[in-house]
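1. have a look at this prediction, sequence included:
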Amino acid sequence: MKTNKTLYLGKELKQIRGKYFYLRKKLGKEKKLKQIIKIKNKEKRKINTLLHTVSKEIIINAYQNKSTIVIGKLKNFKKNKGRKFNRKISSFSYYKLTQYLEYKAREKGIPFIKVSEFNTSKTCSVCGTIGKRDKNWFKCTCGYEDNADRNASINIAKRGLSQELKLGVVASTQKSLNEEISTKSVQSCVIA
């Protein structure tokens, strides 16, 4: 079954992180250190519960659609894009989410693949050339336009598909893999 459905998960995660950041900031100005420690533990528990919920949702979806879970390997973040962006990147629980997905996928017998994320948000998921990313929007010279994160997730899925099929090359265009894709469920998931 082929789907072009994109799930955007993580909105609630951002809300929790934002709420507790501003609460810690407010309590810090009032010098209430014991309360800061107390809410930090509460935030950690809420984030952990949410990560379990998100990973469970992804696993159930992959199991029902007989899909493979493909996740990008994140490394070497450049933390020079402003204080607010640096805080958001530093607080993202990528490792924990990856661990939850990996062990839950293993329990259900779902294939789990990690691939490089290099240039996935700059590469066109239709023609395979390098396009232009402007904030959250991607544009290519071939005329294709889409959300940059969705475009990247499609490219990550293609890399995982080519790795799973052991093609020996990085899948870069939809046209060259149509036969293989028709037997697999292609569904992207963006966690931001």
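-> Received it, and whenever you're ready, just let me know what you need. Residues are numbered from 1 along each chain as shown.
2. domain assignment for this structure?
-> As given by automatic domain parsing, the domain ranges for the chain are 7-68+79-111, 117-192.
3. which of those is buried the deepest?
-> domain 117-192 (a mean of 17; mean count of other C-beta atoms under 10 Å). The C-beta positions use only the backbone N, C-alpha and C, and glycine is treated the same way.
4. just the mean pLDDT for the top helix by length along the chain, thanks.
-> Looking across the chain with DSSP state H, the single longest helix is helix 33-64. Averaged across helix 33-64, the pLDDT comes to 89.
5. equivalent analysis for stretch 152-159, please.
-> 88.
6. to which secondary structure element is the nearest residue in space to residue 42 that is not next to it in sequence assigned?
-> Excluding the flanking residues, the one nearest residue 42 by C-beta to C-beta, 6 or more residues apart in numbering is residue 20, at 7.9 Å. Using DSSP states H and E, residue 20 maps to helix 11-29.
7. by how many degrees do that helix and helix 33-64 diverge?
-> 170 degrees (axes from the mean of the first three to the mean of the last three C-alpha atoms, to 10 degrees).
8. check which helices and strands helix 11-29 sits against.
-> helix 33-64, helix 83-91 (3 or more C-beta pairs under 8 Å, 6 or more residues apart in numbering; DSSP states H and E).
9. ok so, going back, lowest-confidence stretch among the domains of the chain?
-> Minimum mean pLDDT among these: domain 117-192, a mean of 74.
10. can I get the helices and strands packed on helix 11-29 in CSV with distance to residue 156?
-> What follows is those, written out as CSV (distance: least, C-beta to C-beta, whole Å):
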stretch, distance to residue 156
helix 33-64, 14
helix 83-91, 18
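11. quick check: which of those is nearest to residue 102?
-> Minimum separation from residue 102 across the helices and strands packed on helix 11-29 (C-beta to C-beta) falls at helix 33-64, 9.2 Å.
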